[in-house]
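Student: Sequence first, predicted coordinates after that:
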Amino acid sequence: MSPKVSKEHLKQRRADILAAAKTVFIKHGYERTTMKHVMEEAKVSRGGLYQYFSNKEELYEAILKENLLQVSEETQEFLENEVKSYWDLLLLRIFGEDREPDDEMDPLAPSNLEFFIIGRNDERRRKYGQERYQNGLKIYADVIKAGQENGEFSDRYDSEMLARAIITYIDGLALDHAILPEQDVQLKEQSTILLEFLKMALEVE
């Protein structure tokens with residue numbers, strides 16, 4: 001009789017596999033990564049890996065979903081409590097903890113592009129891409145709308161349209177960053193323009 005494994009242990013093992021998979025996807029990209037790569041990085045057997053994820057697509061979706069869920073839950077927690085500055089919260093969502101433009105791109109961005117663009121004609125992946133877009137859109141739109149209702153932001157522009165503009169700008173930078181030399185992208189400089197546009201649109205000093 002095999003020993004019982006606690007739910008906490010199973011949860012931690014799954015988290016370890018996802019962390020290892022993220023490392024591999026960053027290193028190899030989505031298309032070149034194999035389940036064998038993940039097995040070796042996570043130091044698990046084939047059975048141990050397939051106990052949690054039946055294929056690479058399912059594994060990558062899990063990484064995307066958990067990352068977005070974490071950001072979404074964190075944002076809602078901020079909004080449900082007293083927010084000292086909605087502008088600061090918006091910067092956190094766009095630029096991360098430093099809250100300012102830099103030359104660093106999300107290391108998973110190239111793999112994300114591969115995943116969605118190569119799979120654009122796959123019904124399941126297309127459906128998930130649409131769902132992910134709507135969830136990401138809601139994060140930005142909720143922050144902007146709350147700032148408008150609070151009076152910190154101008155309501156000259158619709159919160160959802162501004163959120164769409166942010167996503168389009170960031171996705172465009174991610175695509176350029178994946179295929180062009182760094183000096184041609186000028187990530188920090190272009191991100192600064194996005195920041196200035198938002199200041200103007202929201203009438204933030």
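Tutor: Good, I have the coordinates. Numbers count the residues shown, from 1 in each chain.
Student: mind listing the helices for this protein?
Tutor: For the chain, applying DSSP state H gives helices covering 7-28, 35-42, 46-50, 56-80, 86-95, 109-118, 123-150, 159-179, 182-185, 187-202.
Student: Output the contacting helices and strands for the longest one.
Tutor: Under the contact criterion of 3 or more CB pairs under 8 Å, 6 or more residues apart in numbering; DSSP states H and E, the helices and strands touching helix 123-150 comprise helix 56-80, helix 86-95, helix 109-118, helix 159-179, helix 187-202. Every residue, glycine included, has its C-beta placed from N, CA and C.
Student: hmm, back to that, between the helices of the chain, which one is nearest to Pro101?
Tutor: Pro101 lies closest to helix 187-202 among those, at 3.5 Å (CB to CB).
Student: so how far is Gln183 from Arg93?
Tutor: Arg93 is 28 Å from Gln183, where distance means CB to CB, to the nearest Å.
Student: neighbour count winner among those two?
Tutor: Using other CB atoms under 10 Å, the more surrounded residue of Arg93 and Gln183 is Arg93, with 19 against 6.
Student: okay, now the closest residue to Glu152 other than its chain neighbours: neighbour count?
Tutor: Spatially, and ignoring its direct neighbours in sequence, Glu152 is nearest to Tyr86 (4.9 Å; CB to CB, 6 or more residues apart in numbering). Look at Tyr86: counted by other CB under 10 Å, it has 23 neighbours.
Student: cool, and the one 3 residues further on?
Tutor: In terms of burial, Leu89 registers 21 neighbours under the definition other CB under 10 Å.
Student: Am I right that it is in contact with Tyr140?
Tutor: No. Checked against CB atoms under 8 Å, the pair Leu89 and Tyr140 is beyond contact range at 10.4 Å.
Student: circling back: residue contacts, the residue nearest to Glu152?
Tutor: Residues near Tyr86 by CB atoms under 8 Å, 6 or more residues apart in numbering: Val143, Ile144, Ala146, Gly147, Asn150, Glu152, Phe153.
Student: correct me, but the first one touches Arg93?
Tutor: I take that to be Val143. Yes. Taking CB under 8 Å as the definition, Val143 is a contact partner of Arg93 at 6.2 Å.
Student: Can you check which residues contact both of the two?
Tutor: Residues within reach of Val143 and of Arg93 at once, by CB under 8 Å, 6+ apart, are Thr75.
Student: No further queries at this time; thank you.
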